[in-house]
Structure formats: C-alpha cells, structure tokens
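1. my questions concern the predicted model and sequence given below.
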Amino acid sequence: IIKTQDEIEKMRIAGQLAATVLEMIGEYVKPGVSTGELDRICHDYIVNVQGAIPAPLNYNGFPKSVCTSVNHVVCHGIPSESKILKNGDIINIDVTVIKDGYHGDTSKMFFVGDVAPHAKRLCRITQECMYRGIEIVKPGVTLGDIGHVIQEHAERNNYSVVREYCGHGIGKIFHEEPQILHYGKPGQGLVIEEGMTFTIEPMINLGTRHTKLSKTDGWTVTTKDRRLSAQWEHTLAVTADGFEIMTIRSEESFG
Ligand SMILES: CCc1ccsc1-c1ccc(O)c(O)c1
Ligand SMILES: [Mn+2]
Ligand SMILES: [Mn+2]
Ligand SMILES: [Mn+2]
C-alpha cells in the first residue's frame, strides 16, 4: 500500500537503525562465536542502545530477535548457544527493527574466517541479484520485471532461485501486500507505484532450488540437497523517478 512522505521518513529511520545493527555485529562474526551470542548482542543493542523493538521476537512464536542462517540454511535459522561458527562458514544475519511503529528489514552475508571461493562467489552473485532487482525499481515497472532480472542473473550463473519465500510489502506491519517474487516474466504482475515500500530479499542456491522446513523446530529452512544458500535483503521505497534504499549501509556505494 502507498505510504505518505511522513511515513517514509519514519521508515528511513527504522531502516537506518536496522542497517546499523548489521554494521555493529560484523566484528563479532568469528570462528568460535555461537549464533545465540550474536543474537544476544543484536537484541541488547536494538533494545538498550537504539530504543527499538526486534520484530522477529515472538513473531508467530519465533523465539529469538534475529535470524541466523548458516551455510545450507536458506532462511529463518534460529540463533542457538549450541551453534558455534567455524572457519569457512557463511552466515546470513537478518535484522528487522520496529521504531515509532515502522519496520526496517535487512540482511547480509558474513564470511567466517577464510571462505572457499565457490562460497564467496555465491554470496557475490546473490548480492548482485538483489541490486539488479533494486536498480530497475521505478513507477510503472511490474513485479514480474523485478523477479525476471533476479532469476535471469542467478540462473545465468548456474544457480537456482528459492520459490517458497519472497519479499514483501512493509510498513507498520512486518509483512503486507504485495508479495515480491524473486522469479518471474517481464511485464507480468502488479505495476509498482510511487510511495510503495517493500523488501527485495532473494535466496539463491548453489544446487537445486528445493527446500525443506524443519520438522523439529518448525522454522529452519534448509536446501533439500544440503548445498549452500545465500540471501541479501534491503527495504526500499518507490520514489517519483526511481527508488530509495531505506536500509543502505555506509559500506555500500550505490548509483
Ligand atoms: C523470524 C521472522 C520470521 C518468522 C516467520 S517469517 C520471518 C521472516 C524472517 C526474515 C524476513 O526478512 C522476513 O521478511 C520474515
Ligand atoms: Mn529480513
Ligand atoms: Mn523480509
Ligand atoms: Mn545460507
């Protein structure tokens, strides 16, 4: 749905808080740290320093404040004291904060120690998929155009696009219309308009696109073939002549 300029200003603030959490946590992502420890550091920073609320905590019963998805975990990994990062791991940390009633939702891949070239390449191409989807955003573009450019880049690089999870409208509500699919055909689907705010968060697999939902914890999504998966996410607003990324980090040079 369409946001007013005042609402977009509030999303800018929430988005920048979420981006800052990802900038803060990087130095702690090292071999030997547990994902439970990373969650605690993020939670305490969000609550005590930012005076914000971690949106995942208790969202549909999710037990922690961020999602930590390691290696072949596609998304929704639950932080755990018993999950210790090791040299060579890749991990997505997904942060959503609520500030003044509005959500900012963003994630990135971190390398744990020395990561193999094929894993680094998956992470790079996945980030490029997200950027290529973002770069075409402007009023008049369709959701199918966005999905197509993401799918095209992933599949040209012999990777596959996860279908079961998608980007989403975001604002006062964590997930609202429209669904942003990370695959599709040019010209198809909803036409995007100025004032829409949504995430683009492609999950790209090294092997096949198929995923499994954990029967034990009911959250953790893994690749069926247990090969690597990567994800990057930004929250953005559609402007009169293009887009504005709400969750941009200072490490990113854009446009
Ligand atoms: C942990 C939050 C959660 C629970 C069910 S879906 C979900 C989630 C996680 C990361 C996201 O970027 C998102 O949009 C939703
Ligand atoms: Mn997210
Ligand atoms: Mn999201
Ligand atoms: Mn992964």
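-> Perfect, I can see it now. Ligands and ions are numbered 1, 2, ... in the order given.
2. quickly find the element holding residue 222.
-> Of the helices and strands defined by DSSP states H and E, residue 222 is found in strand 221-223.
3. for that strand, the distance to its chain's centre please.
-> What separates the centre of strand 221-223 from the centre of its chain is 15 Å, taken as CA atoms, centre = their mean, to the nearest Å.
4. got it, and stretch 161-179?
-> Relative to the chain's own centre, stretch 161-179 is displaced by 11 Å; criterion: CA atoms, centre = their mean.
5. is it up against ligand 3 anywhere?
-> No - using CB under 5 Å from the ion, stretch 161-179 stays clear of ligand 3, with a minimum separation of 5.8 Å. For glycine as for every other residue, the C-beta is placed from the backbone atoms N, C-alpha and C.
6. quick one: strands adjacent to the strand holding residue 222?
-> Sheet pairing of strand 221-223 (DSSP bridges) gives strand 73-75 (antiparallel), strand 211-213 (antiparallel).
7. make CSV from those strands and add mean neighbour count, distance to ligand 1 and mean pLDDT to it.
-> As requested, those are exported to CSV (neighbours: other CB atoms under 10 Å; distance: least, CB to the nearest ligand atom, whole Å; pLDDT from 0 to 100):
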stretch, mean neighbour count, distance to ligand 1, mean pLDDT
strand 73-75, 25, 6, 99
strand 211-213, 16, 11, 98
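8. quick one: the strands in the stretch 1-150 of the chain?
-> Along the stretch 1-150 of the chain, counting by DSSP state E, counting those that start in this stretch, strands occupy 53-54, 67-70, 73-75, 90-99, 102-111.
9. where does this structure dip in pLDDT?
-> 254-255 (pLDDT under 70).
10. thank you, goodbye.
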